[in-house]
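1. Predicted model and sequence below, questions to follow.
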Amino acid sequence: SILCIFALILTKMYSQSQNLSIPIPIELIVTVVATMISGFGQLNERFGLPIVGEVPPGLPPPSLPDFGRFSELLIPSIIITVVLFVICASIVKTFAMKHTYETDENQELYALGASNIIGSLWQCYPACGSLSRSAVVSNIGGKSQMFNIFTAMVVVIAVLALTSLLGPLPNAVLASIIVVAFRTLLAKLNSLRTLWGVKKSDFMCWLTTFLATLF
């Protein structure tokens with residue numbers, strides 16, 4: 001983890017200092033190198049290094065949901081929908097402030113609805129924005145939906161043909177990528193002092209939400 005974090009931070013600092021138009025894909029490089037070292041060195045078998053392990057290949061066939069449980073799941077679905085939208089809207093506003101662009105909450109709601117309707121055909125979990133993945137995308141320079149389309153294509157190819165190669169990937173590498181991506185977000189904790197001075201009720205609301213999420 002320490003080596004991965006150092007490699008990620010130093011490469012990002014170099015890219016920023018040189019103002020590179022195309023950032024170095026250090027996350028991909030670290031993942032590939034660590035997987036090869038773990039696999040060839042048999043680190044899991046020899047030292048008990050936690051790894052991703054076996055990933056089932058292929059995609060399940062699409063099927064319609066069981067509408068017989070509609071009344072049973074109606075109220076929980078409404079609660080989940082509200083929570084997911086609040087989380088997604090919060091993430092959108094966080095990165096909109098960071099990158100100074102406008103947002104449309106209605107558009108976000110349409111996107112969540114469409115993705116969950118399509119995902120339900122494959123019994124997917126309810127879809128929502130992810131703060132950790134959004135931070136990774138922001139950190140590596142993703143700026144448009146083409147990034148998501150390309151990522152989806154790579155994921156499909158990996159699930160169909162490359163799952164056997166992902167087994168030796170150390171969990172520590174994935175954790176390191178997320179930790180480094182959160183580095184810039186954690187730096188915004190300095191703004192809490194300003195929030196306390198502006199409106200103490202908002203500060204207490206933030207603190208309560210943070211502690212409830214953490215514990």
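-> Thanks, I have the structure now.
2. contacts and neighbour counts: CA atoms only from here.
-> Will do.
3. neighbours around Cys205, how many?
-> Look at Cys205: counted by other CA atoms under 10 Å, it has 10 neighbours.
4. ok so it is a helix residue?
-> Yes - judged by DSSP: H, G, I helix; E, B strand; the rest coil, Cys205 forms part of a helix.
5. how near is it to Gln145?
-> Using CA to CA, to the nearest Å, one obtains 33 Å as the distance from Cys205 to Gln145.
6. number of nearby residues for Thr11?
-> Neighbour count of Thr11, defined by other CA under 10 Å: 17.
7. Show me where the chain has its helices.
-> For the chain, applying DSSP state H gives helices covering 2-18, 26-41, 43-47, 70-99, 105-120, 131-140, 145-157, 163-166, 171-186, 191-198, 200-214.
8. Save those as TSV, and put in mean pLDDT too.
-> Below are the helices of the chain laid out as TSV (pLDDT from 0 to 100):
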stretch	mean pLDDT
helix 2-18	84
helix 26-41	88
helix 43-47	86
helix 70-99	82
helix 105-120	83
helix 131-140	70
helix 145-157	81
helix 163-166	80
helix 171-186	80
helix 191-198	79
helix 200-214	78
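9. spatially speaking, which residue is in the middle of the protein?
-> Arg133 (1.9 Å; CA atoms, centre = their mean).
10. who touches that one in this structure?
-> When contacts are counted by CA atoms under 8 Å, 6 or more residues apart in numbering, Arg133 touches Ile178.
11. roughly how far apart are the residue sitting furthest away from the middle of the chain and Pro62?
-> Largest separation from the mean C-alpha position in the chain: Gly68, at 33.1 Å (CA atoms, centre = their mean). Counting by CA to CA, the gap from Gly68 to Pro62 is 18 Å.
12. swap in Phe210?
-> Counting by CA to CA, the gap from Phe210 to Pro62 is 38 Å.
13. Leu74 now?
-> In this view, Leu74 and Pro62 are 22 Å apart by CA to CA.
14. what does Lys93 give?
-> 34 Å.
15. more neighbours, these two?
-> Higher neighbour count among Lys93 and Pro62: Lys93, with 17 against 12, using other CA under 10 Å.
16. so how many other residues sit close to the nearest residue to that one once chain neighbours are set aside?
-> Of all residues not flanking Lys93 in the chain, Thr103 sits nearest, at 7.3 Å (CA to CA, 6 or more residues apart in numbering). Residues near Thr103, counting by other CA under 10 Å, number 14.
17. Kindly report the same for Asp202.
-> The local packing of Asp202 (other CA under 10 Å) involves 13 other residues.
18. Identify the spatial nearest neighbour of Val30, chain neighbours not counted.
-> Cys4 (6.8 Å).
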